[in-house]
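> this is the structure alone, sequence omitted:
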DNA sequence: TGCATTTAGATGCAACTGCATCTACCTTCA
DNA sequence: TGAAGGTAGATGCAGTTGCATCTAAATGCA
């Protein structure tokens, strides 16, 4: 049996805590402001980055790391709130093409006004720019 | 409005992905082996580290980063499976003292036989020992 | 072409989570 | 001592997630 080193165990524990605490802190601020959570933000962001023809649900999935049914339901909730729109997909009769609505764009901006500062407080203030680059470099090697 | 730097944003995205992917990979292996998930492991671990008088529920909470009601329910499920035992608390009539059972100890060992290698595969193999120390150092500064 | 396989997405059901609130006990302090 | 306030933990309810499975459309291939 291959046992991870002491340092690996410590790093894993630290990874867990750092992510969980930052995530909770940021989502708490969004909730306090009556705004949706980070998954919603990510969907809005990805759709806003995309040219008007929209994204397919299955293209969004790997970006958000959500399971297929999770994506399906998230999309339905966001559509019900009018933040995104579903269109029939011309090149694939099974598919759904997604686009962001004007209201979705507005919501993303409102979210960023809370998300940005919360991210800065949870992460930005805690490390120098140099350390931040190092951290990102290590983390990317993990994926 | 304070906007986080480009590097902070990248680090946050990398933190999210690294944690989510490692967590999913590890839990997938546990599930494949028919074993409980990481929260259960953490409870078993903490109780095993403690002298026989046991831990209180509220002492476990900050270690696991679970909300109070989450802890309460997790404990009930684990007790129902016979992995831990609840005792009345002599020094506080409201409280519950928790201890691990023999079966709990056995289960923790079985879990570690899967968890350890999974952690090694998801993290240990991806960074040198030196990098691992650096990573842990940065992550600890975040909390 | 036509049947078998694969892929996109939806959904019924059971388990889990979050919120608010509740009960029971403990602590403080007039 | 006893009323007011605080703390430990449980729980009803509504919303969410995970699993398995379903439908419908696309693809592969004999």
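Looks like it came in fine. Small disclaimer: the values here were computed from a predicted structure and weren't measured.

> list the contacts of stretch A:50-62.
Here stretch A:50-62 makes contact (CB atoms under 8 Å, 6 or more residues apart in numbering or on different chains) with A:43, A:46-47, A:67-68, A:71-72, A:75, A:87, A:89, A:92, A:95-99. Using the backbone N, CA and C atoms, a C-beta is placed for each residue, glycine as well.

> equivalent analysis for stretch A:130-139, please.
Contact with stretch A:130-139 is made by A:123-124, A:127, B:5, B:7-8, B:10-11, B:14-15, B:17-18, B:127, B:131, B:134-135, B:138-139, B:141, as judged by CB under 8 Å, 6+ apart.

> recalculate using a threshold of 6 Å.
B:7-8, B:10-11, B:14-15, B:18, B:131, B:135, B:138 (CB atoms under 6 Å, 6 or more residues apart in numbering or on different chains).

> quick one: mean pLDDT for that stretch?
For stretch A:130-139, the mean pLDDT works out to 97.

> just stretch A:15-24 next, same as before
98.

> mind checking the SS state of whichever residue of chain A sits closest to DNA strand D?
Here the residue of chain A nearest DNA strand D is residue A:93; by CB to the nearest atom of the strand that distance is 2.7 Å. What DSSP: H, G, I helix; E, B strand; the rest coil gives for residue A:93 is coil.

> burial measure for it, as a count.
A count of nearby residues for residue A:93, using other CB atoms under 10 Å in any protein chain shown, gives 7.

> tell me the residues of chain A that contact chain B?
With the criterion set to CB under 6 Å from any CB of the partner chain, chain A comes near chain B through A:1-4, A:7-8, A:10-12, A:14-15, A:17-21, A:65, A:113, A:116-117, A:119-120, A:123-124, A:126-127, A:129, A:131-133, A:135-136, A:138-143.

> apart from its neighbours in sequence, what residue is nearest residue A:35?
Spatial nearest neighbour of residue A:35, excluding adjacent residues (CB to CB, 6 or more residues apart in numbering or on different chains): residue A:111 at 5.1 Å.

> give the other helices and strands that the helix or strand encompassing the one you found contacts.
Element membership of residue A:111, judged by DSSP states H and E, is helix A:102-122. Packing contacts for helix A:102-122, counted by 3 or more CB pairs under 6 Å, 6 or more residues apart in numbering or on different chains; DSSP states H and E, involve helix A:6-32, helix A:38-49.

> and residue A:114, what is it in contact with?
Contact analysis of residue A:114 by CB under 6 Å, 6+ apart lists A:29-30, A:33.

> ditto for residue A:46
For residue A:46, the contacting residues are A:60, A:63, by CB under 6 Å, 6+ apart.

> change it to 7 Å
Neighbouring residues of residue A:46 by CB atoms under 7 Å, 6 or more residues apart in numbering or on different chains: A:55, A:60, A:63.

> state the number of residues packed around the first one.
Around residue A:55 there are 20 other residues, counting by other CB under 10 Å.

> just to check, residue A:78 is in contact with residue A:86?
No. Contact status for residue A:78 versus residue A:86: not in contact, 9.6 Å apart, counting by CB atoms under 7 Å.
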